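**Student:** Provided below are the primary sequence and the corresponding predicted coordinates.
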Amino acid sequence: MYRNRPLGRMALMALMAALMVVSVVMPAQAAGGNEERAVRFAAFNASLNRGSIGELLDDLATPDDPQIRAVAEIIQRTRPDVLLINEFDYDPAGDAMALFQANYLGVSQNGAEPITYPHTFAAESNTGIPSGRDLNKDGKVGGPLGSFDWANDSFGFGQFPGQFGMAVFSMYDIDEGAARTFQNFLWKDMPGRLIPADPVTREPWYDEGDMEVFRLSSKSHWDLPIQVGNKTVHFLVSHPTPPVFDGPEDRNGTRNFDEIRFWSDYVRGGRHSRYIYDDNGRRGGLSPGALFVIAGDQNADPFDGDSIPGAAQQLLESPKVNTKVTPASAGGVEMVNQGPPNDVHLGDPAFDTADFSEAAFGGPGNLRVDYVLPSRSLKMVDAGIFWPTSDDPYFYLTGPGFPPVSSDHRLVWIDITKGGFPTG
């Protein structure tokens, strides 16, 4: 059943998605007969996180890890030009990204064409970095490395430094000299921030000592200038905390909301972003007219799930963001048959990007949480979600079951024509 769903729109989007051949999702050609290839931006929470330090490196060192092979094949079949991977454990030496390229992306997976990214970027994540504070208020500070006690009192949840990190792979040059990271931006320095409160005393959950060190980003926020021809596109990437795994104080929900708000203020620029400072002390957001693409697992569905109402809308309804084309899939529609709560969700299942567990297992069902959102002045010609239906030859890459073959999230992409880039 499709109760409480927009049937007309859902049916139309399902038909459009079904007409797409999932196995052939090459970037579109530019409009007007121009044969110049469009630029594909993508975000993929690929679940390339592991439970201990060095475990991902060990798995990447050989070319036969089945989960990593499935992730690589999805990337090879969708062929993004600029790709954010969420949940890619941070490796300060960069060996993890190099091994992923050499042993997986650069090797044909089940006949798919290998893909090579000449430019990559990664930086430190707040996950697993001890705060020195009792952030979950259990009466103790931290614990042994690798424990949940360590993770819960870190700046971002992680059992070791860098767990659940981020990585960017690009066909185009990344201007690292102009890149901005916001790992150390303090939550207290955001005007009008949300304040989680103890449900009994109504006092702020975090005391003054906590807030003197508490960082807004649960992982980090990065502004990466990507050089596409003679234009610069700011690739704005992050991975806000899930708005769950807390209590009635909603400390994760409030943080998720403000992590998303950060980009909304950043792209508006001017007085809206004067409070923002990066890790080098530079203040402010984007300049007027700057081109950008916001990407990442925002952990917020506009209609369903546990995020604070309006969290995702901070980006989706921003006057700076182009939402004329919404990525969709037929696979997401088919997965409504997994049962409650999917059959009573308000959002269109064609737009779902994550296959979470259903109510019987304590989960929220399938949600739209992953986004790739360009600036209003960029022209989108296509968009999609790699979520094949059960009769598609590549269903095995996302098929049902737990643990998932690849990831519980789906790769989301948009195509922007080079001809759609402003020329002024």
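**Tutor:** Here it is on my side, so go on.
**Student:** Please make it C-alpha for all contacts and neighbour counts, starting now.
**Tutor:** Noted.
**Student:** any idea how far residue 50 lies from residue 405?
**Tutor:** Distance, residue 50 to residue 405, by Cα to Cα, to the nearest Å: 15 Å.
**Student:** All the helices of this structure, in order from the start?
**Tutor:** Using DSSP state H, the helices of the chain run over 7-19, 55-60, 66-78, 95-100, 148-152, 208-211, 251-268, 313-316, 330-334.
**Student:** and the fifth one, what does it pack onto?
**Tutor:** Spelled out, that is helix 148-152. Under the contact definition 3 or more Cα pairs under 8 Å, 6 or more residues apart in numbering; DSSP states H and E, helix 148-152 sits against no other helix or strand.
**Student:** hang on, the earlier thing: highest mean neighbour count out of the helices of the chain?
**Tutor:** Ranked by mean neighbour count, the helices of the chain are led by helix 330-334 with a mean of 25 (mean count of other Cα atoms under 10 Å).
**Student:** Quick check: mean pLDDT of it?
**Tutor:** The average pLDDT within helix 330-334 is 96.
**Student:** least reliable of the helices of the chain going by mean pLDDT?
**Tutor:** helix 7-19 (a mean of 37).
**Student:** Tell me where the stretch 301-424 of the chain has strands.
**Tutor:** 370-374, 380-385, 412-416 (DSSP state E, counting those that start in this stretch).
**Student:** now for those strands, which one comes closest to residue 188?
**Tutor:** Nearest to residue 188 among the strands of the stretch 301-424 of the chain is strand 370-374 (26.5 Å), distances taken as Cα to Cα.
**Student:** between the strands of the stretch 301-424 of the chain, which gets nearest to residue 274?
**Tutor:** Here strand 370-374 is closest among the strands of the stretch 301-424 of the chain (Cα to Cα), at 22.1 Å.
**Student:** what pairs with the closest one, and is each one parallel or antiparallel?
**Tutor:** Using DSSP bridges, strand 370-374 pairs in its sheet with strand 291-297 (antiparallel).
**Student:** what's the partner strand in contact with?
**Tutor:** With Cα atoms under 8 Å, 6 or more residues apart in numbering as the contact definition, strand 291-297 has outside contacts at 41-45, 84, 86, 232-240, 263, 369-375, 377-378.
**Student:** Surely residue 386 and residue 410 touch.
**Tutor:** Yes: counting by Cα atoms under 8 Å, residue 410 is a contact partner of residue 386 at 5.9 Å.
**Student:** Quote the end-to-end distance of stretch 147-162.
**Tutor:** Start-to-end, stretch 147-162 (Cα to Cα) is 14 Å.
**Student:** which residues are in contact with that stretch?
**Tutor:** With Cα under 8 Å, 6+ apart, stretch 147-162 has contacts from 51-53, 89-91, 124-136, 141-146, 164, 214-215, 217-219, 241.
**Student:** What ranges in this protein fall below the confidence cut-off?
**Tutor:** Scanning the chain for pLDDT under 70 picks out 1-36, 401-402, 418-424.
**Student:** longest single strand anywhere in it?
**Tutor:** Ranked by residue count and defined by DSSP state E, the top strand of the chain is strand 39-48.
**Student:** what angle separates it from helix 66-78?
**Tutor:** 170 degrees (axes from the mean of the first three to the mean of the last three Cα atoms, to 10 degrees).
**Student:** if we can go back for a sec, reformat the helices of the chain as TSV; add distance to residue 400.
**Tutor:** Output for the helices of the chain, formatted as TSV (distance: least, Cα to Cα, whole Å):
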stretch	distance to residue 400
helix 7-19	19
helix 55-60	23
helix 66-78	14
helix 95-100	25
helix 148-152	29
helix 208-211	42
helix 251-268	28
helix 313-316	29
helix 330-334	11
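**Student:** Please identify which of those is closest to residue 322.
**Tutor:** Taking those one by one with Cα to Cα, helix 313-316 is closest: 8.2 Å.
**Student:** residues contacting residue 334?
**Tutor:** Shown in contact with residue 334 (Cα under 8 Å, 6+ apart): residue 389.
**Student:** if I look at the closest residue to residue 73 other than its chain neighbours, how far off is residue 98?
**Tutor:** The shortest distance from residue 73 to any non-neighbouring residue, by Cα to Cα, 6 or more residues apart in numbering, is to residue 109 (5.4 Å). Using Cα to Cα, residue 109 is found at 17 Å from residue 98.
**Student:** the strands in the stretch 51-200 of the chain, which residues?
**Tutor:** 82-88, 119-121, 166-170, 173-174, 180-181.
**Student:** just those: most buried one?
**Tutor:** strand 82-88 comes out most buried of the strands of the stretch 51-200 of the chain by mean count of other Cα under 10 Å, with a mean of 25.
**Student:** okay if I get the strands of the stretch 51-200 of the chain as a markdown table plus distance to residue 151?
**Tutor:** Output for those, formatted as a markdown table (distance: least, Cα to Cα, whole Å):
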| stretch | distance to residue 151 |
| --- | --- |
| strand 82-88 | 15 |
| strand 119-121 | 25 |
| strand 166-170 | 17 |
| strand 173-174 | 32 |
| strand 180-181 | 22 |
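**Student:** Of all the ones you listed, which one is nearest residue 272?
**Tutor:** Of all those, strand 180-181 sits nearest to residue 272, with 17.8 Å by Cα to Cα.
**Student:** Output the strands of the stretch 301-424 of the chain as CSV; include the columns mean neighbour count and distance to residue 337.
**Tutor:** Output for those, formatted as CSV (neighbours: other Cα atoms under 10 Å; distance: least, Cα to Cα, whole Å):
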stretch, mean neighbour count, distance to residue 337
strand 370-374, 27, 21
strand 380-385, 23, 19
strand 412-416, 27, 22
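**Student:** can I get these in a markdown table with distance to residue 335?
**Tutor:** Formatted as a markdown table, the strands of the stretch 301-424 of the chain follow (distance: least, Cα to Cα, whole Å):
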| stretch | distance to residue 335 |
| --- | --- |
| strand 370-374 | 17 |
| strand 380-385 | 14 |
| strand 412-416 | 17 |
